[in-house]
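Participant: I would like to see how this sequence folds:
(3 chains)
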Amino acid sequence: MTGTAPGQRAGTHKDEFDMTSANAYDVTTWPMGNAHEDIGAVINSIIADIKSRQALPDVNNGGKPGAVIYIPPGDFRLVTQVLIDISYLKIIGSGHGFTSSSIRFNTPAHELKHWHEIWPGGSRVLVDLPETDDAASRSAFLVKRSGNPRISSVEFADFCIDGLHFEGDENSYRNGKTGIHVASANDSFRITGMGFIYLEHGIVSHHSDALSIDNNFIAECGNCIELRGMGQACRISNNLIGAGYAGHSIYAENYGGVLVSANNVFPRGRSSIHFSGVARSSITGNRFHSFYPGMLIFSDDCSENLVSSNHFLRDGEPWSPMTPYDNGLDDLFGLLHINGSNNSIIANHISESIDTRLIKPPAAKPVIIRLVSGKENYVANNHIVATTVTPEPGDVPNSECFSTQVAAIISTKGLTTLDVTAVKVEQESTQNTVLDSGSDTQVMIDQAVNAFRGTPTPGQQQTSAAIA
Amino acid sequence: MTGTAPGQRAGTHKDEFDMTSANAYDVTTWPMGNAHEDIGAVINSIIADIKSRQALPDVNNGGKPGAVIYIPPGDFRLVTQVLIDISYLKIIGSGHGFTSSSIRFNTPAHELKHWHEIWPGGSRVLVDLPETDDAASRSAFLVKRSGNPRISSVEFADFCIDGLHFEGDENSYRNGKTGIHVASANDSFRITGMGFIYLEHGIVSHHSDALSIDNNFIAECGNCIELRGMGQACRISNNLIGAGYAGHSIYAENYGGVLVSANNVFPRGRSSIHFSGVARSSITGNRFHSFYPGMLIFSDDCSENLVSSNHFLRDGEPWSPMTPYDNGLDDLFGLLHINGSNNSIIANHISESIDTRLIKPPAAKPVIIRLVSGKENYVANNHIVATTVTPEPGDVPNSECFSTQVAAIISTKGLTTLDVTAVKVEQESTQNTVLDSGSDTQVMIDQAVNAFRGTPTPGQQQTSAAIA
Amino acid sequence: MTGTAPGQRAGTHKDEFDMTSANAYDVTTWPMGNAHEDIGAVINSIIADIKSRQALPDVNNGGKPGAVIYIPPGDFRLVTQVLIDISYLKIIGSGHGFTSSSIRFNTPAHELKHWHEIWPGGSRVLVDLPETDDAASRSAFLVKRSGNPRISSVEFADFCIDGLHFEGDENSYRNGKTGIHVASANDSFRITGMGFIYLEHGIVSHHSDALSIDNNFIAECGNCIELRGMGQACRISNNLIGAGYAGHSIYAENYGGVLVSANNVFPRGRSSIHFSGVARSSITGNRFHSFYPGMLIFSDDCSENLVSSNHFLRDGEPWSPMTPYDNGLDDLFGLLHINGSNNSIIANHISESIDTRLIKPPAAKPVIIRLVSGKENYVANNHIVATTVTPEPGDVPNSECFSTQVAAIISTKGLTTLDVTAVKVEQESTQNTVLDSGSDTQVMIDQAVNAFRGTPTPGQQQTSAAIA
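Facilitator: Numbers count the residues shown, from 1 in each chain, chains lettered A, B, ... in the order given. Below you'll find the predicted structure:
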């Protein structure tokens, strides 16, 4: 075998006796298959080539360095699932290629025929897998390997995975397709710069250690990021994220030491972030925007997590095609809904601005931070701003999603104060500390079993005394 | 037409009948024009080629995937403005190429002749457009398209845009040149890893939705980042930024849901960050350094924004060539100057260390956080450190900018406390809450219409009482 | 000399008279040397070529744009140190290639022989330099230049530097090897996307201005990041970091305006972050995890720094091969150990969960935040959670590092409260303010010379009074 097989990137092969310099591939020049017709089969063929060339695990302190597979800009249909079972494989493109397929779906054909382009682009993988009942088997990229060590350092960068379109109500984003599904224990993976569109599941990763998900665009997906199984020390940062009304924007279960920071998470998303049984993790410096209650959910005894310096905004759906949908929760559920102990909720800004006619149950006083069960949580220095808004009847075409949304988000003048329960501590949650996160009248708390200091109000001063 | 036109990157064309694999270009191998003489004309020619090859908007669920244009390291003069009117175009280089042109300008010729190199480098675009009166028309890259959908996923990465040099006082950075000017509504753009130098405007983006500006080096520009028109859900993160004394480091107007996080913003900059009519946005985890008052300005009723976990430092200009300049504001203006309602300013560190002889107006007591108009802002847990400093007369050459600056910034020993107004709440701003951000004597506030709790002082304890 | 020398990346040379388009190299196609046998000699030869071609500092407003050197995936032994003395050089690979070499070292041979792969991978540099006494001379990449201007915009991206293996106890990571050593003053460098493994020093950078270290994987190194000499305005963000028990995870000395944000810093590390003589810098939004006291150390009068929105977790070593080691500090040292003035420690979550039988000195009450010397620090709204844990005797093979660690980190149910000193203010530290970071009984502070407000406890309310 030589290192100059066709399909390797020009400029990377040195001579025909040099095997390891053959580790850069281009899907469009690989001789087996046609990447435009089935990029999955092409990548699987490349992986088989890598495995046959890198067969020995220990040759002169090396031997299995992996490879890079390049996807240039273009439309590449994926009919065969890619199975990755080697470490150090990087798949990289030259464009995340996001565009709104939701606006496309909700725009009438007579407008669409004037559009410059209809579909997402960049280095674009069109997921066209046959229907199955199983998310893993309908994922474009499946990472799975048994044995030791854990598969390491697989990287996905700078390309687009597009679920394309489907029969039925596309607004649900429920098409059974997954972008990347990592099924077995893994270490030091990276997913960066990608675009994910119109997939029921964008990224599903099981048993991850030190995974980085950074600077991706994951939107108009049923669910965006799901960390499943158990794992630790991952990082979800600097992403633009927005799931559908039926799914998770960010979800993790039984993970520890996760850092979720500096993401801009926009609607819709059944929740903006949901932790289940997660411990000792951080949610800091994010901007969350939702159209429903239950933006942040801690379930199944989440403990010792930090939620700080985040901006939460909950308002109403301004875009008419999506107004029929919500997540089914009512306004007493809590915008932040906390089950668990020893968590910290500090220095967040929380805005709720809603049409009182849409409050559920009718005339209820919405709950912002709700401690449902557990103990010894610390809630301090959160600024809660609640206002009512009366949307003017819109008469804009569905394609005007952008101006409708921006007008809604920056329309803060002349709002009326909405009466809310800033913090509600249920009886099942005790020994908590609530400081400066709502005035005496805005917080529902049993002070016999919890510590409380209300935010001062005008005309009232918290007093100091000289020490004797 | 074939896919193997000269100028496309080797390794990306598969065969001469394969059109879409032809979507990777290199400016140095494109047959029309000479990229070193006018990279603008070359890129426009490439864009024309893309448009002619990708003419149909809906071919087999695709058809317009866009392209990537590569700029290798080198000096590339731009005489013709690039006009981008297609989605999914990525322009990428291999080096941001920043070096200080300010030090070069302020270094005498007899020293310069010994320098290793004089100019910025990397994949470097030398902006040499003719003079005009209009910022848009003197921008190296103009993005503009009418019709639907909005132009999407244009990406700029890892190259250098250099305004070169100009007649007059280069210390102003006022040369009429712009790096990237986005004129029409846009979605999911990315500007990452770039270098911007010596441009009156680095990045100007109108009507942006979900724009990412991440990991760029934007310095020695008149203005660095300007979000104009109206827009939402953008992300300005992880950048190194520093504008001139006459311009904005970060500016946004009528945007909602912007996340400005983890930037290191150094002097000078008329302001470090200025929001006008911005709502529901976040400024978190940044490090801001300025030589003038008015580091953070909220104007025109900014509302429901979060300013948390930032480090603000204001000291004096240590480098002699720049000492004649300032932003014209006095020390009563407020280091943080807030017009608007329902904003949160929580958990920031603010240092001011200045030579009392330079305070304006003379003998004034500087104001750190000033609530000028609006209502119901929440200011809590900010630590304000104010000291006087007496700079020793410097006798260092201008080329020693670095050691002068570092010596100034780490010289914190033996400083004397400066008496400041930690928080000043003007009569036009009411119903605010100010907690633990200054002692009773350091805060000017009408407690009849605002809520206040002073930071305790030694020997004084805020008292608790058992609940009856 | 022509621009079409062999070794330059295909697609970047335009014609043989075009020199500057020749600035893209590939180590595997360069005609001098063999990159697999000694990539150091190859890169030095390329640098010599760049210098000979780019000899004049000022040719038509340019002349020295630098170059990019590409390292494809593969095993590349480095026998000769690379010396970089030109600006605008970017060295880039296609894979950070991390895998755990610690697990490999601690796994018996009979298991190893079944492993899929043994070594790190990606674009992998195997550091095989001869032994010396000097860290700089045993660094794979040495950046050093005298004269003016400072060397600028050198970039390292997306490859792996692996210290390989060595005689003796590999668990110490003490092999005398360094990945990148920057010895002279520098500006606007970038280190992004890299992997560093099994090096005694990952990155050592002296005299840096506006350095970015972003999105790297730096683990199983003696020390990970060291900023030495003096410098300013750097950014260490979004990295995954974990040093050995004998070294620094993040260290800086005499720097100002550093921003350390959104890193996930895992054990072990003698400290998680250590500042010496650092001023006006920020540590925000990080997740720190350690097995020893002294997670954060400020020494030599650190001043005006902000520590906010971080998550600190200190628990016990769960993996048996590493249980013999620690950093030698006892539990009275302080988990956060502060020497210096005017620092801010705000809105952090701090968890300590340890086996009381391992407390040193025996039966001591551990100290969490300790103000050792200096004045006027501000400690507010930190949530300290201290619990005891009784690890069950593990009987898992050493290769099961992952499940052992995850089980430990998420095991928060049924923990017992551990009595600790939440904040201890030593006599040598005065005029500090401590608010809501521990109850009256948990804080040791002289209230005559410090300001204090204890966190309220259940049944106790801090009182308000109407203003007269």
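Participant: now do the contacts for A:Asp315.
Facilitator: Contacts for A:Asp315 (CB atoms under 8 Å, 6 or more residues apart in numbering or on different chains) come out as A:His289, A:Phe291, A:Ser351, A:Glu352, A:Ser353, A:Ile354, A:Val389, A:Ala408, A:Ile409. C-betas here are computed from N, CA, C, even on glycine.
Participant: other SSEs contacting the host helix or strand of A:Val406?
Facilitator: Following DSSP states H and E, one finds A:Val406 within helix A:401-410. The helices and strands touching helix A:401-410, judged by 3 or more CB pairs under 8 Å, 6 or more residues apart in numbering or on different chains; DSSP states H and E, are strand A:311-315, strand B:208-209, strand B:231-232, strand B:255-256.
Participant: A:Thr387 is in contact with A:Ser411, correct?
Facilitator: No. Using CB atoms under 8 Å as the test, A:Ser411 is too far from A:Thr387 to be in contact (10.4 Å).
Participant: interface residues of the stretch 151-300 of chain A facing chain B?
Facilitator: A:164-165, A:193, A:195, A:215, A:217, A:219, A:238, A:240, A:261-262, A:264, A:266, A:284-287, A:289 (CB under 8 Å from any CB of the partner chain).
Participant: just the residues you listed that are near chain C?
Facilitator: A:Asn238, A:Ser261, A:Ala262, A:Thr284, A:Gly285.
Participant: distance of the first one from A:Val307?
Facilitator: Pointing back at A:Asn238 there. 18 Å (CB to CB, to the nearest Å).
Participant: burial count for the closest residue to A:Gly62 other than its chain neighbours?
Facilitator: Nearest residue to A:Gly62, sequence neighbours excluded (CB to CB, 6 or more residues apart in numbering or on different chains): C:Asp75, at 3.2 Å. Neighbours of C:Asp75 under the rule other CB atoms under 10 Å in any protein chain shown: 28.
Participant: C:Asp75 pairs with what?
Facilitator: Counting by DSSP bridges, C:Asp75 forms beta bridges with C:Arg124.
Participant: ok, now which ones touch it?
Facilitator: Neighbours of C:Asp75 in contact, by CB under 8 Å, 6+ apart: A:Thr20, A:Asn60, A:Asn61, A:Gly62, A:Gly63, A:Pro65, C:His36, C:Trp119, C:Gly121, C:Arg124, C:Leu126.
Participant: in chain A, which spans are helices?
Facilitator: A:35-53, A:101-105, A:109-112, A:401-410 (DSSP state H).
Participant: how about the helices and strands packed on helix A:401-410 in a markdown table, adding mean pLDDT?
Facilitator: Below are the helices and strands packed on helix A:401-410 laid out as a markdown table (pLDDT from 0 to 100):
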| stretch | mean pLDDT |
| --- | --- |
| strand A:311-315 | 97 |
| strand B:208-209 | 98 |
| strand B:231-232 | 97 |
| strand B:255-256 | 98 |
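Participant: can you give the distance of stretch A:251-260 from its chain's centre?
Facilitator: 12 Å (CA atoms, centre = their mean, to the nearest Å).
Participant: what do you get for stretch A:411-430?
Facilitator: That offset, for stretch A:411-430, works out to 26 Å (CA atoms, centre = their mean).
Participant: ok, that stretch near chain B or not?
Facilitator: Yes. With CB under 8 Å from any CB as the measure, stretch A:411-430 is seen reaching chain B through A:Ser411, A:Thr412, A:Lys413.
Participant: re earlier: pipe the helices of chain A into CSV and attach mean neighbour count and mean pLDDT per row.
Facilitator: As requested, the helices of chain A are arranged in CSV below (neighbours: other CB atoms under 10 Å in any protein chain shown; pLDDT from 0 to 100):
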stretch, mean neighbour count, mean pLDDT
helix A:35-53, 20, 97
helix A:101-105, 21, 93
helix A:109-112, 11, 94
helix A:401-410, 21, 86
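Participant: what pLDDT does the residue in the stretch 101-250 of chain A positioned nearest to chain B get?
Facilitator: Going by CB to the nearest CB, chain B is nearest to A:Gly121 of the stretch 101-250 of chain A, at 3.4 Å. According to the prediction, A:Gly121 has pLDDT 98.
Participant: are any of the residues of the stretch 151-300 of chain A next to chain B buried, and which?
Facilitator: For those, a burial check counting by 16 or more other CB atoms under 10 Å in any protein chain shown picks out A:164, A:193, A:195, A:215, A:217, A:219, A:238, A:240, A:261-262, A:264, A:266, A:284-287, A:289.
Participant: in strands only, show me these.
Facilitator: Secondary structure from DSSP state E places A:Gly195, A:Phe217, A:Ala219, A:Leu240, A:Ser261, A:Asn264, A:Thr284, A:Arg287, A:His289 of these in strands.
Participant: can I get those residues in a markdown table including distance to B:Gln54 and pLDDT?
Facilitator: Below are these laid out as a markdown table (distance: CB to CB, whole Å; pLDDT from 0 to 100):
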| residue | distance to B:Gln54 | pLDDT |
| --- | --- | --- |
| A:Gly195 | 18 | 98 |
| A:Phe217 | 21 | 98 |
| A:Ala219 | 24 | 97 |
| A:Leu240 | 26 | 98 |
| A:Ser261 | 38 | 98 |
| A:Asn264 | 30 | 98 |
| A:Thr284 | 42 | 98 |
| A:Arg287 | 35 | 98 |
| A:His289 | 34 | 98 |
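Participant: quick one: which of the contacts of A:Asp315 is nearest C:Glu428?
Facilitator: Nearest to C:Glu428 out of the contacts of A:Asp315 is A:Ser351 (CB to CB; 44.5 Å).
Participant: A:Phe275 touches A:Asn305, doesn't it?
Facilitator: Yes. Counting by CB under 8 Å, A:Asn305 is a contact partner of A:Phe275 at 6.7 Å.
Participant: who has more neighbours out of the two?
Facilitator: A:Phe275 (31 against 27).
Participant: check contacts around the more buried one.
Facilitator: A:Tyr251, A:Ala252, A:Glu253, A:Ser281, A:Ile297, A:Phe298, A:Ser299, A:Cys302, A:Asn305.
Participant: just to revisit the earlier point, give me the number of residues near the residue of the stretch 101-250 of chain A closest to chain B?
Facilitator: With other CB under 10 Å as criterion, A:Gly121 counts 31.
Participant: and what of A:Asp162?
Facilitator: A:Asp162, neighbours per other CB under 10 Å, totals 32.
Participant: A:Tyr198 is in contact with that one, correct?
Facilitator: Yes. Using CB under 8 Å, A:Asp162 is in contact with A:Tyr198, at 6.0 Å.
Participant: hey, what's in contact with both of the two?
Facilitator: Contacts common to A:Asp162 and A:Tyr198, judged by CB under 8 Å, 6+ apart, are A:Ser101.
Participant: A:Ser212 bridge partners, please.
Facilitator: A:Arg190, A:Arg235.
Participant: what does the pLDDT read for it?
Facilitator: On the pLDDT scale, A:Ser212 gets 98.
Participant: how close does it get to A:Thr192?
Facilitator: From A:Ser212 to A:Thr192 the distance is 7 Å (CB to CB).
Participant: looking at the two, which is more packed in?
Facilitator: More crowded of A:Ser212 and A:Thr192, by other CB under 10 Å: A:Ser212, with 27 against 18.
Participant: now the more buried one: how far from C:Thr390?
Facilitator: Note on A:Ser212: its distance to C:Thr390, by CB to CB, is 34 Å.
Participant: flag the shaky bits of the stretch 351-468 of chain A, pLDDT-wise.
Facilitator: A:391-399, A:465-468 (pLDDT under 70).
Participant: around chain B, pick out the residues from it.
Facilitator: By CB under 8 Å from any CB, the part of the stretch 351-468 of chain A that sits against chain B consists of A:351, A:381, A:383, A:385, A:399, A:402-403, A:405-406, A:409-413, A:436, A:447-448, A:455-467.
Participant: swap in 7 Å and give it another go.
Facilitator: A:351, A:381, A:383, A:385, A:399, A:402, A:405-406, A:409-410, A:412-413, A:436, A:447-448, A:455-467 (CB under 7 Å from any CB of the partner chain).
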